[in-house]
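Need coordinates for the following:
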Amino acid sequence: MSVRRRAAALAFTAVLCGAAAPAAVAAPSPSPSTPDLPAGLYGTKDPTYDGVWRQSLSFLAQKIELVTPATQSVDWLVGQQCDSGAFASYRDASKPCDTKTVADTNATAAAVQAMVELSAHPEVVDNGVAWLKSVQNEDGGWGYNPGSPSDANSTGVVAGALARAGVPVADVTTAGGKTPYTALQTFALPCGGEDGGAFAYQPGKKGELTANADATAAAVLGAMGKGMASGNYNAAKAPVCTKGTGLTPEQSAQNGASYLAETLAGSGHLDLPPMPGAEDSEPQPDFGNTADAVVALAAAGHKDKAAGAVGYLEKHAQSWAKEGGPAATAQLVLAAHATGTDARDFGGVDLVGQLNATGPAPAATAVPSPTTTAPEKPADTSSDDEGLGIWWIIGIGLAFGAGIGFLLSGRRKNQQL
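Here you go, the predicted model:
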């Protein structure tokens with residue numbers, strides 16, 4: 001469970017209980033308000049732990065809905081990158097990065113994915129990729145911060161970023177020959193046992209693996225080499241959990257998808273883990289994790305198995321998304337897109353308009369029809385102005401010719417929550 005998502009969950013829980021959520025509830029900061037947010041940043045709440053993450057998810061969700069973000073917003077994200085290529089969760093860009101700047105692999109991977117999808121600032125993508133490669137752990141994976149133990153969430157989101165940047169993930173190896181896929185498979189629970197097919201966030205103190213749906217969704221995308229803005233509208237196959245060792249990355253991903261499909265089959269949603277000291281309380285729905293699971297299932301070719309969860313999100317998640325801000329709204333847009341659902345009429349809510357309203361007015365907007373899309377391909381990161389212009393041209397073409405979006409995520413360790 002991420003600090004970013006837990007904060008949004010707390011906000012929604014406060015709404016459910018009839019309490020007024022404090023202004024800074026979207027991040028674990030005691031400050032009552034943040035009046036001096038930088039121009040271009042999406043959202044109005046404390047960005048300390050999620051500024052880059054929420055900005056990047058917003059761009060991913062806007063891009064798939066043919067919305068071109070304002071140049072001011074893109075420039076803000078570009079300005080968050082350090083000379084090393086890394087991004088912090090959020091920093092004062094008026095000062096250079098130094099030894100006190102805490103680099104964030106999840107934020108960096110999310111920003112790389114956003115720039116790839118926008119076809120903007122190839123130097124940001126190249127420098128981000130180079131930094132991510134430079135901080136790969138010896139087991140082939142990544143932790144939340146460089147040097148921290150690998151976890152399935154971070155490894156999954158970084159693997160997806162590398163793949164979307166056109167880097168063959170299997171070629172990103174350590175001196176010992178370990179790859180990101182090697183690391184992901186160490187978190188996988190074997191099929192045939194309890195929670196078979198799932199991924200753990202990290203092994204426990206004794207090496208035990210405990211199923212974690214959030215980690216599973218991230219690992220499924222990473223093992224398939226897909227980014228957070230993913231979807232597979234045409235394929236439909238029964239989920240299969242393959243037993244044995246020496247599985248391929250695709251088989252491990254399908255095992256994870258099988259676990260997610262089975263877990264969602266009952267209520268149609270995933271639950272938040274109980275808060276410390278509240279183990280006997282009524283479980284609260286985890287809307288963000290559910291949305292991530294939808295994206296992972298669709299990307300793995302199981303859109304039909306995600307239909308119930310999409311219906312649940314349409315009925316119940318709007319208040320959470322509005323209170324949670326741009327990242328939460330973006331997660332729902334990504335889930336809608338992955339399943340061919342209309343994000344502009346998601347349970348009667350225009351998620352795209354809601355997301356656009358959290359930041360500067362978009363440079364351009366076109367209205368797509370919720371139709372099947374082709375499999376994703378690595379985006380061209382040739383030039384800044386050309387990339388944004390191309391998407392506007394494509395949007396106009398679709399608008400007149402045809403009737404015209406996942407973590408977190410960036411995620412903190414479970415034991416930190």
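
Quick check: which ranges of the stretch 301-417 of the chain have low pLDDT?
Residues of the stretch 301-417 of the chain meeting the criterion pLDDT under 70: 368-417.

Helices along that one, start to end?
For the stretch 301-417 of the chain, the helices defined by DSSP state H, counting those that start in this stretch occupy 303-316, 318-324, 326-338, 351-356, 384-401.

What of the stretch 51-200 of the chain?
Using DSSP H, counting those that start in this stretch, helices in the stretch 51-200 of the chain cover 51-64, 71-79, 105-118, 122-134, 152-164, 180-186.

For those, could you give me a markdown table that also reports distance to Ala253 and mean neighbour count?
Yep, even glycine has a C-beta here, placed from its N, CA and C like the rest. Below are these laid out as a markdown table (distance: least, C-beta to C-beta, whole Å; neighbours: other C-beta atoms under 10 Å):
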| stretch | distance to Ala253 | mean neighbour count |
| --- | --- | --- |
| helix 51-64 | 20 | 29 |
| helix 71-79 | 29 | 19 |
| helix 105-118 | 18 | 30 |
| helix 122-134 | 20 | 19 |
| helix 152-164 | 10 | 31 |
| helix 180-186 | 9 | 24 |
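
Between those helices, which one is closest to Lys315.
In terms of C-beta to C-beta, the element of the helices of the stretch 51-200 of the chain nearest to Lys315 is helix 51-64, at 20.3 Å.

now the closest one: how far from the chain's centre is it?
Relative to its parent chain, helix 51-64 has a centroid offset of 9 Å by C-alpha atoms, centre = their mean, to the nearest Å.

the inter-axis angle of that helix versus helix 105-118?
If you take axes from the mean of the first three to the mean of the last three C-alpha atoms, to 10 degrees, helix 51-64 sits at 30 degrees to helix 105-118.

Could you check how far Pro69 is from Ser119?
To Ser119, Pro69 is 12 Å away according to C-beta to C-beta, to the nearest Å.

before we move on, the earlier item: what's the closest of the helices of the stretch 51-200 of the chain to Ala213?
helix 152-164 (11.0 Å).

other SSEs contacting that closest one?
Packed against helix 152-164, as judged by 3 or more C-beta pairs under 8 Å, 6 or more residues apart in numbering; DSSP states H and E, are the following elements: helix 105-118, helix 122-134, helix 180-186, helix 213-223.

The closest residue to Thr242 other than its chain neighbours: how many residues sit nearby?
Once flanking residues are discounted, Thr242 sits nearest to Gln251: 4.7 Å by C-beta to C-beta, 6 or more residues apart in numbering. When neighbours are counted by other C-beta atoms under 10 Å, Gln251 registers 20.

And for Ala223?
Neighbours of Ala223 using other C-beta under 10 Å come to 33.

Apart from its neighbours in sequence, what residue is nearest it?
Using C-beta to C-beta, 6+ apart and skipping the chain neighbours, the partner closest in space to Ala223 is Ala253 (3.9 Å).

Ala219 is in contact with that neighbour, correct?
Yes. Using C-beta atoms under 8 Å, Ala253 is in contact with Ala219, at 7.5 Å.

Could you check how far His337 is from Val295?
Taking C-beta to C-beta, one finds His337 at 8 Å from Val295.

what secondary structure does the residue nearest to Ala223 sit in?
Secondary structure for Ala253, judged by DSSP: H, G, I helix; E, B strand; the rest coil, is helix.

Around it, count how many other residues there are.
30.

Ala238 now?
10.

same question, the one 4 residues further on
Neighbour count for Thr242, taken as other C-beta under 10 Å: 16.

For Tyr181, see how far away it is.
Separation of Thr242 from Tyr181 (C-beta to C-beta) stands at 15 Å.

Repeat that for Thr44.
For Thr44, the distance to Tyr181 equals 40 Å [C-beta to C-beta].
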